[in-house]
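K.L.:
Have a look; sequence and predicted model below, questions after that.
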Amino acid sequence: MTEPQATLPSATRPVRAELANLLRSLKPGQRIRIVQKMRVGSSAAWEAPVEGVFRHINYLVTGIAAHRVPEDDIVVATVHFTKDNGELSSVTLDEHTKIEAR
């Protein structure tokens, strides 16, 4: 059984509905914990958590760097946050991304 999907405004890649709802509810300055699955090679994978303060959501446009049809572009949601050491950071969302408000 697959999880319900939702599309964030301006994104072409759907994310889990519960993650989309959480992202819509986040306010700048709110603490978050992000966990992404990191894959190395063909079989090794582990989760990489990071915590910080939510800044905003933006969208990253990827695709071929040539003039082609707009349907070739992929737009992914990007979460921008500040790590506890003051570093400004961001992650793009994929099907394995987990985010929780703290």
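P.N.:
Sure, I can see it. Residues are numbered from 1 along each chain as shown.
K.L.:
So what would you say the end-to-end distance of stretch 20-38 is?
P.N.:
Separation of the first and last residues of stretch 20-38 by C-alpha to C-alpha, to the nearest Å is 21 Å.
K.L.:
For it, list every residue counted as buried.
P.N.:
Buried residues in stretch 20-38, defined by neighbour count with 16 or more other C-beta atoms under 10 Å: 20, 22-23, 26, 32, 34, 36. Any C-beta I mention is one placed from the backbone N, CA and C, and that applies to glycine too.
K.L.:
Just the ones in strands from those residues, please.
P.N.:
Among the buried residues of stretch 20-38, DSSP state E puts 32, 34, 36 in strands.
K.L.:
wait, H80 sits on Y59?
P.N.:
No. The criterion here is C-beta atoms under 8 Å, and H80 misses it with Y59 at 11.1 Å.
K.L.:
picking up where we left off before, just send the buried residues of stretch 20-38 back as JSON lines, with pLDDT too.
P.N.:
Shown next, in JSON lines, are these (pLDDT from 0 to 100):
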{"residue": "A20", "pLDDT": "87"}
{"residue": "L22", "pLDDT": "93"}
{"residue": "L23", "pLDDT": "91"}
{"residue": "L26", "pLDDT": "96"}
{"residue": "I32", "pLDDT": "98"}
{"residue": "I34", "pLDDT": "97"}
{"residue": "Q36", "pLDDT": "93"}
